[in-house]
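Novice: Next one to model:
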Amino acid sequence: MKKTIFPICLAISLIWPGSIQAQEEGAPYLDAVIKRFSLLKDYTVDVKVHFDIEAFKSPDMEGRLYYKAPDKMKVDSKRIFFFPREGGYFNPAAFKPENFEVNLLERLIEEERKAVRIRLIPKKARWPGQSFILTIDTERNLIRGIDTSPSGGREIKASIEYGRFGQFDLPTRIRLQLDIPSIEMDGTRFFDPSLQKAKRIRGKIEIVYSNYKVNTGLSEEIFQEKERALKKD
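Specialist: Numbers count the residues shown, from 1 in each chain. Take a look at the predicted model:
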């Protein structure tokens with residue numbers, strides 16, 4: 001607990017209004033991002049994943065990713081495919097404002113555009129002890145960066161580049177920086193403790209996206225095979 005020379009009552013009177021103001025100022029930026037993609041119902045895209053990670057050697061992997069709002073995702077590949085679900089695919093509904101306490105941290109200029117950094121603290125126990133810091137381009141209402149604070153000793157930072165596809169700006173490249181004890185990718189244990197000697201895994205993952213097809217009316221059947229497999233496990 002931080003020590004202070006001020007009386008407790010004075011400290012509360014100073015901190016409390018600022019906290020309220022930060023929440024009120026931060027929430028509209030997240031609302032604007034969600035609203036911008038409210039018409040995005042589904043997309044398919046080719047993905048290429050490059051790993052630069054200690055204790056894990058793998059050639060580049062290629063697959064096709066399917067997304068359907070609000071949170072269905074599937075990747076098809078002809079070979080074994082490891083994919084980072086956390087930060088690895090674009091899901092506008094992942095940060096619904098009603099699920100978080102939203103605080104404005106700072107306003108800044110990011111690549112010659114006005115931007116803000118906001119902190120998201122989950123209201124539910126889905127991410128215990130975890131919070132997110134988003135960097136949002138406020139001129140285009142796009143999330144440019146996601147920093148995941150430690151949860152179980154895991155830290156992940158994502159930077160996102162966009163391109164224009166129809167009426168939407170969608171990721172063309174996501175770079176992930178990892179500092180983790182282990183990670184599960186798409187239901188598969190990515191780093192098997194019995195095979196890997198390293199207690200922590202550090203490195204980078206780069207994902208390139210191409211050939212988007214947006215709002216084609218993807219069938220639920222595309223995702224059912226994966227759901228049945230998860231139930232069997």
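
Novice: Show me which positions of stretch 109-121 end up buried.
Specialist: Residues of stretch 109-121 classed as buried: 110, 115-120 (neighbour count, 16 or more other CB atoms under 10 Å). In short, each C-beta sits where N, CA and C put it, glycine included.

Novice: Tell me which two in those residues are the farthest apart.
Specialist: Glu110 and Leu120 (17.8 Å; CB to CB).

Novice: And the strands in the chain?
Specialist: Along the chain, counting by DSSP state E, strands occupy 42-53, 61-68, 72-76, 100-110, 113-122, 132-137, 142-148, 155-165, 168-180, 184-185, 188-189, 201-214.

Novice: Columns distance to Ala27 and mean pLDDT on top of those strands, output as JSON lines?
Specialist: Listed next are the strands of the chain as JSON lines, based on distance: least, CB to CB, whole Å; pLDDT from 0 to 100:
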{"stretch": "strand 42-53", "distance to Ala27": "27", "mean pLDDT": "92"}
{"stretch": "strand 61-68", "distance to Ala27": "25", "mean pLDDT": "92"}
{"stretch": "strand 72-76", "distance to Ala27": "26", "mean pLDDT": "90"}
{"stretch": "strand 100-110", "distance to Ala27": "5", "mean pLDDT": "93"}
{"stretch": "strand 113-122", "distance to Ala27": "8", "mean pLDDT": "94"}
{"stretch": "strand 132-137", "distance to Ala27": "12", "mean pLDDT": "96"}
{"stretch": "strand 142-148", "distance to Ala27": "15", "mean pLDDT": "94"}
{"stretch": "strand 155-165", "distance to Ala27": "21", "mean pLDDT": "94"}
{"stretch": "strand 168-180", "distance to Ala27": "22", "mean pLDDT": "92"}
{"stretch": "strand 184-185", "distance to Ala27": "31", "mean pLDDT": "43"}
{"stretch": "strand 188-189", "distance to Ala27": "36", "mean pLDDT": "42"}
{"stretch": "strand 201-214", "distance to Ala27": "28", "mean pLDDT": "93"}
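
Novice: From Asp46, how far off is Asp76?
Specialist: 10 Å (CB to CB, to the nearest Å).

Novice: so what sits against both of the two?
Specialist: Common neighbours of Asp76 and Asp46, using CB atoms under 8 Å, 6 or more residues apart in numbering, are 63-64.
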